[in-house]
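A.B. asks: take this sequence and fold it.
(2 chains, ligands or ions: 2)
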Amino acid sequence: MDWINAIVQGTLLGGLYALFAAGLSLIFGVMRLVNIAHGDLIVLAAYLGLSVSTVLGIHPLVALALVVPIMAALGYGLQRGILNRTLGDDLLPPLLVTFGLSVILQNGLLEIYSADPQKLQAGAIETASLQLGSLALGYLPLLMFACSVAIIAGLQWMFYRTALGRAFRATSDRQDVAQLMGLNRAHVFGLAMALALAVTAVAGVFLGIRTSFDPSIGGGRLIFGFEAVIIGGLGNIWGTLAGGVVLGISQSIGAEINPGWQVLAGHVVFLAIIALRPRGLFPRMD
Amino acid sequence: MSEPILAISALDAYYADFQALYDLSMHVMPGEVVAIIGANGAGKTTLMRSVSGLIRNAPEAIRYRGEAIGALRADQVAARGIALVPEGRLLFPSLSVEENLLIGGQMHRPGPWSLERIYALFPVLQERRLVPSTALSGGQQQMVAIGRALMANPDLLLLDEISLGLAPVIIKTIYDALPGIVEEGMAAVIVEQDIAKALSVSSRVYCLQEGRTALEGRSDVVTREAIAAAYFGM
Ligand SMILES: Nc1ncnc2c1ncn2[C@@H]1O[C@H](COP(=O)(O)OP(=O)(O)O)[C@@H](O)[C@H]1O
Ligand SMILES: [Mg+2]
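C.D. replies: Numbers count the residues shown, from 1 in each chain, chains lettered A, B, ... in the order given. Ligands and ions are numbered 1, 2, ... in the order given. Purely as a prediction, here's the structure:
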């Protein structure tokens, strides 16, 4: 029974990892940018959630109504102000600049919020659970998982069914020809980063409700996001959800065997999958 | 005499240190079809890329409806009503046929062209509208490239070697569509290797040679000898 529980809890955790991964994947897909600061942006969103919910005295999930647009605006500004200047034929400048951004974010958060662990208080819903036989499913993890699936579904729909998604795909295919169609690449990239950070805002607040956080944990979230993207197969949005779930289950089964093995088990499964299927479990057909 | 829709004067265009166009001047009147001919490497594609904003130049070197557009970005040029059918077609491989057309129309400029009208012009595209653009034959891809440019409802259409690599019967289909495209007053610049074809569809012709204008004339009076001389620099 503990195993079934581990798998179920791991699946729910996987929804969160898929949210970590979705923003990374979107950015890489549209502009071939590997954002080293992604994990720190997740942590930034958690802190924003903390400030908004304590200053206004509102529930952290309600605070999303402010955190999401703030992060989206930040993403657009960041892209147009800084990151667009780093994009070109050379992959190194964006890596270096986002690495620098990661350092700045960590130290900035440390300066403002100190190194003390924080947590977002979600109230009574945190302990409420649905009893299924001997399985106890927390309402909050269930709600967050459902939101993650809905966000992934929304991204999939946006990418393949809307004019914005078409613009993203066209720009990703051929930037110069997309420009001929009247799409300003700098603006399209800004929109992609805005959307990615809107998703990241949700991921950060969910993270802060689930576990305690401090300014140093961004790197770990970045790795989980990367692993979920690669396990699922680059360029496949549903694959990213599957990748997050595989990672979450691996971690919770690892923890079930030995509490110290949680993170390690995830890495081992990740390595095994890229060794056996270098393009991930569900590579995009093309 | 009305104003030219496109006026190029003293255009020098560069790829880094390499100069590809020298002191080039030309003009296109509203509703006029102008042909550009010239040997491989003469600078025809560079000229198309310059006008459409993919290569940025001195602002005053290119005027469109009197406005200096030489230094604008390609999306700003497109918004003003200039559309390019690029050499090699350059469709978006991740987009279906219909999505390629829709992205061409994403600026929503008003005008006669719509999906329905493109499908009426090239019915085969309607049958294949949901397949990836990469699954089409070369001729069908060229129809998509032309349709994609028309979807922008341009006032000036630039066509760069639309017959390149296509079978004669397909080339005929595509060129037969041309009069229907320009009949409503759209101006067009056609780059074409086939000199007879170029002369038959245009009212004036420019011949480029090594980045310079070697000949300019009315398509119906220019002689083969003059073209041969301009082509090969004899
Ligand atoms: N991307 C490029 N970089 C450097 N030189 C180029 C580039 N594209 C074309 N050229 C050079 O510019 C000149 C004109 O090329 P192009 O405009 O493509 O000629 P055309 O279309 O008439 O065949 C040629 O000498 C060609 O080698
Ligand atoms: Mg050419």
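
A.B. asks: could you pull out the helices in chain B for me?
C.D. replies: With DSSP state H as the criterion, chain B has helices at B:44-52, B:74-79, B:97-104, B:115-121, B:123-127, B:138-150, B:168-182, B:195-201, B:224-232.

A.B. asks: can you put those in CSV and add mean neighbour count?
C.D. replies: The C-beta positions use only the backbone N, C-alpha and C, and glycine is treated the same way. Formatted as CSV, the helices of chain B follow (neighbours: other CB atoms under 10 Å in any protein chain shown):
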stretch, mean neighbour count
helix B:44-52, 24
helix B:74-79, 21
helix B:97-104, 24
helix B:115-121, 16
helix B:123-127, 15
helix B:138-150, 24
helix B:168-182, 14
helix B:195-201, 17
helix B:224-232, 15
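
A.B. asks: which of those sits closest to A:Ile274?
C.D. replies: With distances scored as CB to CB, the stretch of the helices of chain B nearest to A:Ile274 is helix B:97-104 (32.2 Å).

A.B. asks: part of a strand, is A:Ile273?
C.D. replies: No: counting by DSSP: H, G, I helix; E, B strand; the rest coil, A:Ile273 is not found in a strand; it is helix.

A.B. asks: quick check: which element contains the closest residue to it other than its chain neighbours?
C.D. replies: Of all residues not flanking A:Ile273 in the chain, A:Ile231 sits nearest, at 5.3 Å (CB to CB, 6 or more residues apart in numbering or on different chains). Assigned by DSSP states H and E, A:Ile231 belongs to helix A:218-232.

A.B. asks: tell me which helix or strand comes right after that helix.
C.D. replies: That would be, after helix A:218-232 and using DSSP H and E, helix A:237-257.

A.B. asks: low pLDDT regions in the stretch 151-286 of chain A?
C.D. replies: Residues of the stretch 151-286 of chain A that meet the criterion pLDDT under 70 lie in A:285-286.

A.B. asks: quick check: residues of it near chain B?
C.D. replies: By CB under 8 Å from any CB of the partner chain, the residues of the stretch 151-286 of chain A that approach chain B are A:163, A:166-167, A:169-170, A:172-174, A:176-185, A:286.

A.B. asks: which one of the helices of chain B lies nearest to ligand 2?
C.D. replies: Comparing those against ligand 2 with CB to the ion, the closest turns out to be helix B:44-52 (3.1 Å).

A.B. asks: follow-up on the earlier one: which among the residues of the stretch 151-286 of chain A next to chain B count as buried?
C.D. replies: If you count burial by 16 or more other CB atoms under 10 Å in any protein chain shown, the buried members of these come out as A:166-167, A:169-170, A:172-174, A:177-185.

A.B. asks: which one of these sits closest to A:Ala201?
C.D. replies: Nearest member of these to A:Ala201, counting by CB to CB, is A:Ala167, at 22.2 Å.

A.B. asks: and that closest one, how close does it get to A:Gly232?
C.D. replies: Note on A:Ala167: its distance to A:Gly232, by CB to CB, to the nearest Å, is 24 Å.

A.B. asks: quick one: the helix holding A:Ile231 to helix A:237-257, angle?
C.D. replies: Relative orientation of helix A:218-232 with respect to helix A:237-257: 120 degrees, computed using axes from the mean of the first three to the mean of the last three CA atoms, to 10 degrees.

A.B. asks: which elements pack onto helix A:218-232?
C.D. replies: helix A:2-31, helix A:38-56, helix A:92-113, helix A:237-257, helix A:262-276 (3 or more CB pairs under 8 Å, 6 or more residues apart in numbering or on different chains; DSSP states H and E).

A.B. asks: now the third one and helix A:38-56, what's the angle there?
C.D. replies: Interaxial angle of helix A:92-113 relative to helix A:38-56 (the same axes, to 10 degrees): 30 degrees.

A.B. asks: now helix A:92-113: average pLDDT?
C.D. replies: Throughout helix A:92-113, pLDDT has a mean value of 97.

A.B. asks: shouldn't B:Cys20 be in contact with B:Thr46?
C.D. replies: If you look again at residue B:20, you'll see it is Ala, not Cys. Yes: taking contacts as CB atoms under 8 Å, B:Ala20 lies within contact range of B:Thr46: 4.3 Å.

A.B. asks: can you get me a residue count around the closest residue to B:Tyr14 other than its chain neighbours?
C.D. replies: Excluding its sequence neighbours, the residue lying closest to B:Tyr14 (CB to CB, 6+ apart) is B:Ala20, at 6.7 Å. Here the number of neighbours of B:Ala20 (other CB atoms under 10 Å in any protein chain shown) works out to 20.

A.B. asks: can you check A:Leu56 too?
C.D. replies: 11.

A.B. asks: that one and A:Ala65 touch, don't they?
C.D. replies: No: the pair A:Leu56 and A:Ala65 does not pass the contact test of CB under 8 Å, sitting 10.2 Å apart.

A.B. asks: alpha carbons only: can I get the host helix or strand of A:Ile70 in CSV?
C.D. replies: Assigning secondary structure by DSSP H and E places A:Ile70 in helix A:60-78. Only the C-alpha atoms of helix A:60-78 are listed here, as CSV (Å, rounded to 0.1, in the frame of the first residue of the first chain):
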residue,chain,number,x,y,z
PRO,A,60,-1.5,32.8,-1.6
LEU,A,61,-3.7,31.2,-4.3
VAL,A,62,-5.6,34.5,-4.5
ALA,A,63,-2.3,36.3,-4.6
LEU,A,64,-1.7,34.6,-7.9
ALA,A,65,-4.0,37.2,-9.4
LEU,A,66,-1.2,39.7,-8.9
VAL,A,67,1.9,37.5,-9.0
VAL,A,68,1.1,36.1,-12.5
PRO,A,69,0.8,39.5,-14.2
ILE,A,70,3.8,40.9,-12.3
MET,A,71,5.9,38.0,-13.4
ALA,A,72,4.6,38.2,-17.0
ALA,A,73,5.4,41.9,-17.2
LEU,A,74,8.9,41.2,-15.7
GLY,A,75,9.4,38.5,-18.4
TYR,A,76,8.5,40.9,-21.2
GLY,A,77,10.8,43.6,-19.8
LEU,A,78,13.6,41.2,-19.2
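
A.B. asks: no further queries at this time; thank you.
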